[in-house]
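Colleague: after the sequence you'll find the predicted model.
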Amino acid sequence: MAGEPFYITTPIYYVNDSPHLGHAYTSVACDALARFMRLDGRQVLFLTGTDEHGQKVAKSARDSGVEPQAFCDRVAQNFRDMTKLMNVSNDVFIRTTEERHTKASQALWTALEKRGEIYLGRFKGWYSVRDEAFYEESELVAGKAPTGADVEWVEEENYFFKLAAWQDRLLAYYDAHPDFIAPKSRRNEVVSFVKGGLKDLSISRTSFEWGVPVPGNPKHVMYVWLDALTNYITALDYPDTSSKLYRTFWPADLHVVGKDIVRFHCVYWPAFLLAAGLEVPKRVFAHGWWTVEGQKMSKSLGNFITPKQLVDQYGVDPVRYFMLRELPFGSDGDFSHRAMVGRTNGDLANDFGNLAQRVLTQINRNCDARVPQPGALVPADETLLAAARDLLPKLREELAEPAFHRALETLWRVVGDANRYVDEQAPWALKKTDPARMATVLYVLAETIRHLALLAQPVVPEAAGKLLDQLAVGPDRRDFAALRHALKPGTQLPKPEGIFPRFVEAAAPA
Ligand code: MSP
């Protein structure tokens, strides 16, 4: 495999919850980027998986009357299924209960201990099991965590990581690496949190057993976040830092996370890594949260949406498209049936789907189902083709952020240009009057659609693949390097079929 490496990760999901819209969102966003980079010739490693230790998972196992390991084995499968269902092309699926992960977490612990970063002490403070996080008294709001989760008072013997001593070095690191935390608003939040003062962090627990044993003192299990964050290097063979995987892919190019877990990824994780003498990931991007029909998603409100419901109702590509197009990556947004149907029927069925269907049907009927032979190009033809050919560098720029919504807007601008061009050139009217010009117009359109289909693959892989089949673009001509291989006139094309069906509301029961 050649190409510049690109290592991208999703957070690993807590197995106590069933997969929902929010999990699918993070995974789909990472997937679109991983697919884009692969098609663009990068050597990609895309990691996802499950976070299986800690008090929250232990409690869920107990509630369902099974041993934690058996519980995890069963529910981790739900996340593997979600990954498959959403057409997520991860290279590795990691579970924190794997033996290699226990070893990696213990090795990181030992590295920190050897460097004098850990000491044994006594913890007294507030802990939220739901958040798996410690809170200061001053952070509590009406006796609850700032997230609204319940907290409990914990007093026990714990190991501590000397986080306070890292305050200035972290601030210096953020200063020297202005792109480390994105978007900017999150960066500002983290910087002011760290400036506000850091306390040493409790990194072990003694009141339950479901975790990675602390090396040399198995009475303690490691704090679940220290264990969980290590997954990003376990997957690269850590502690074997001379392994090919580690050398190729660390530091990671991008950790995509939700806004709720920024502190863990942007404060604790770089501090652990720096303290262990390891490199820090290049970028952490925090996306926003979805509400559903204007309300926080929750099982008790009955508006908890599973990826399966979404895909059954709308199809996988429309859901992927909607998630990435509907809101700026980084902002919060609302998932509503109305908005979902609007995008499906507007952007996908009417704009892109109809364009492809109209053009391919005319080629099928009027050009003997072969790629037409173009004649001399007029300025309108050149303008449309140039817009299509200019897309890749623009998309690269937008996805470096990553700003999925802008990348899709850019792509759809050319869909709009192509639709206007069809209307203006009216190829159907040229059939009798100027068949040579009709062939040129249809060729320009087919070539534009080929660009759009190739570039839409990361977001709507199934539909784009079908469209490329209909243009007789073989599997070896589907990466971005193939953008320059224009369609060959005379190539036989299969019968066209719609790629983006309209969503039709089921009739209300009589
Ligand atoms: N296990 C930790 C992550 C450890 S990474 C080393 C965790 N797991 S989680 O399952 O609770 O959350 C996983 C991701 O889903 C988070 O990035 C979170 O922000 C995201 N989402 C959960 N609900 C969400 C929405 N309603 N909307 C968007 N994303 C949401 O945290």
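Modeller: Everything's here; your move. All values derive from a computational prediction rather than experimental measurement.

Colleague: what pLDDT is listed against the residue nearest to Asp469 when sequence neighbours are not counted?
Modeller: Once flanking residues are discounted, Asp469 sits nearest to Pro494: 6.7 Å by CB to CB, 6 or more residues apart in numbering. Quick note: C-beta positions are derived from backbone N, CA and C, even for glycine. At Pro494, the predicted lDDT confidence score is 97.

Colleague: need phi/psi at whichever residue of the stretch 201-350 of the chain sits closest to the ligand.
Modeller: Per CB to the nearest ligand atom, the residue of the stretch 201-350 of the chain with the smallest distance to the ligand is Gly258, at 1.5 Å. Gly258 has phi and psi values of phi -80, psi 160 when expressed as degrees, to the nearest 10.

Colleague: by mean pLDDT, flag the weakest helix or strand of this protein.
Modeller: strand 295-296 (a mean of 88; mean pLDDT, DSSP states H and E).

Colleague: partner strands of that one and their direction?
Modeller: strand 290-292 (antiparallel) (DSSP bridges).

Colleague: the strand it pairs with near the ligand anywhere?
Modeller: Yes: Strand 290-292 lies within reach of the ligand by CB under 6 Å from any ligand atom, at Trp290.

Colleague: what's that strand in contact with?
Modeller: With contact meaning CB atoms under 8 Å, 6 or more residues apart in numbering, strand 290-292 is reached by Leu21, Gly22, Tyr25, Met297, Asn303, Phe304, Ile305, Asp332, Gly333, Asp334, Phe335, Ser336.

Colleague: isn't the residue of the stretch 201-350 of the chain closest to the ligand up against Val284?
Modeller: No: in this structure, Gly258 is not within contact of Val284 by CB atoms under 8 Å, at 11.1 Å.

Colleague: more neighbours: which of those two?
Modeller: Between Gly258 and Val284, counted using other CB atoms under 10 Å, Val284 has the larger neighbour count: 26 against 18.

Colleague: tell me the spacing between that one and Phe180.
Modeller: In this view, Val284 and Phe180 are 7 Å apart by CB to CB, to the nearest Å.

Colleague: same question for Val441.
Modeller: 49 Å.

Colleague: chain center to stretch 10-25, what's the gap?
Modeller: In terms of CA atoms, centre = their mean, to the nearest Å, the centre of stretch 10-25 is found 12 Å from the chain centre.

Colleague: what of stretch 439-455?
Modeller: Worked out by CA atoms, centre = their mean, stretch 439-455 lies 29 Å from the chain centre.

Colleague: and for stretch 425-444?
Modeller: So, by CA atoms, centre = their mean, the centroid of stretch 425-444 is 42 Å from its chain's centroid.

Colleague: gap between the two ends of that stretch?
Modeller: Distance between the two ends of stretch 425-444: 11 Å, counting by CA to CA, to the nearest Å.

Colleague: who's in contact with that stretch?
Modeller: 359, 362-363, 366-367, 371-377, 380-381, 384-385, 421-422, 445, 487, 489.

Colleague: if we go to 7 Å?
Modeller: Stretch 425-444 is contacted from outside by 359, 362-363, 366-367, 371-375, 377, 381, 384-385, 489, using CB atoms under 7 Å, 6 or more residues apart in numbering.

Colleague: go on, stretch 195-209?
Modeller: Taking CB under 7 Å, 6+ apart as the rule, stretch 195-209 contacts 55, 58, 123, 134, 156-164, 166-167, 171, 211, 214, 219-223, 226, 268.

Colleague: give me the neighbour count for whichever residue of the stretch 1-150 of the chain sits closest to the ligand.
Modeller: Nearest residue of the stretch 1-150 of the chain to the ligand: Gly22, at 2.2 Å (CB to the nearest ligand atom). Residues within reach of Gly22, counting by other CB under 10 Å, total 20.

Colleague: what helices or strands is the helix or strand harbouring it leaning on?
Modeller: Here Gly22, judged by DSSP states H and E, is contained in helix 21-39. Here helix 21-39 touches strand 5-9, strand 43-51, helix 68-85, strand 254-258, strand 290-292, helix 307-314, helix 316-326, going by 3 or more CB pairs under 7 Å, 6 or more residues apart in numbering; DSSP states H and E.

Colleague: related to what we said a few turns ago, between the contacts of strand 290-292, which has the most around it?
Modeller: In those, the most neighbours by other CB under 10 Å go to Tyr25, 27 neighbours.

Colleague: I'd guessed that residue sits against Arg320; true?
Modeller: No: using CB atoms under 7 Å, Tyr25 is not in contact with Arg320, being 9.7 Å away.

Colleague: measure Val141 to Asn188 for me?
Modeller: 21 Å.

Colleague: same thing with Gly333?
Modeller: In terms of CB to CB, Gly333 sits 21 Å off from Asn188.

Colleague: I'd like to know which of the contacts of strand 290-292 is nearest to Asp253.
Modeller: Tyr25 (19.7 Å; CB to CB).

Colleague: quick one: contacts for Leu327?
Modeller: Gly288, Gly333, His405.

Colleague: okay, now Lys296: neighbour count?
Modeller: 11.

Colleague: so what's it bridging to?
Modeller: Beta-bridge partners, per DSSP bridges, of Lys296: Thr291.

Colleague: so how far is Trp290 from it?
Modeller: According to CB to CB, Lys296 stands 9 Å off from Trp290.

Colleague: again with Met37
Modeller: 25 Å.

Colleague: these two - which one has more neighbours?
Modeller: Higher neighbour count among Met37 and Trp290: Met37, with 25 against 21, using other CB under 10 Å.

Colleague: is it true that that one touches Pro5?
Modeller: No: with contact defined as CB under 7 Å, Met37 does not count as touching Pro5 (9.5 Å).

Colleague: any of the contacts of stretch 195-209 buried? List them.
Modeller: Buried members of the contacts of stretch 195-209, counted by 16 or more other CB atoms under 10 Å: 55, 58, 123, 134, 158-163, 166-167, 211, 214, 220-223, 226, 268.

Colleague: so the residue of the chain positioned farthest from its centre versus Gly330, what's the distance?
Modeller: No residue in the chain sits farther from the centre than Thr433, which is 50.5 Å out by CA atoms, centre = their mean. Noted for Thr433: a distance of 52 Å to Gly330, by CB to CB.

Colleague: hang on, the earlier thing: any of the contacts of stretch 425-444 buried? List them.
Modeller: Buried among the contacts of stretch 425-444 by 16+ other CB under 10 Å: Val359, Gln362, Ile363, Asn366, Cys367, Val371, Pro372, Pro374, Asp381, Leu384, Leu385.

Colleague: next structured bit after the strand or helix carrying the last one?
Modeller: For Leu385, the host element (DSSP H and E) is helix 379-389. Taking DSSP H and E as the definition, the helix or strand that follows helix 379-389 towards the C-terminus is helix 391-400.

Colleague: average pLDDT for the very next helix or strand once past that next one, rounded please.
Modeller: Going down the chain from helix 391-400, the next helix or strand is helix 404-425, by DSSP H and E. For helix 404-425, the mean pLDDT works out to 98.

Colleague: ok, helix 404-425 near the ligand or not?
Modeller: No: with CB under 6 Å from any ligand atom as the criterion, the ligand is not reached by helix 404-425; the gap is at least 13.9 Å.

Colleague: just the angle between that helix and helix 391-400, please?
Modeller: 160 degrees (axes from the mean of the first three to the mean of the last three CA atoms, to 10 degrees).

Colleague: so after helix 404-425, what's the next helix or strand?
Modeller: Trace forward from helix 404-425 with DSSP H and E and the next one is helix 427-433.

Colleague: quick one: the helix or strand just after that next one to chain centroid distance?
Modeller: For helix 427-433, the following helix or strand on the C-terminal side (DSSP H and E) is helix 435-456. Remark: helix 435-456 is offset 31 Å from the chain centroid, using CA atoms, centre = their mean.

Colleague: all set, thanks.
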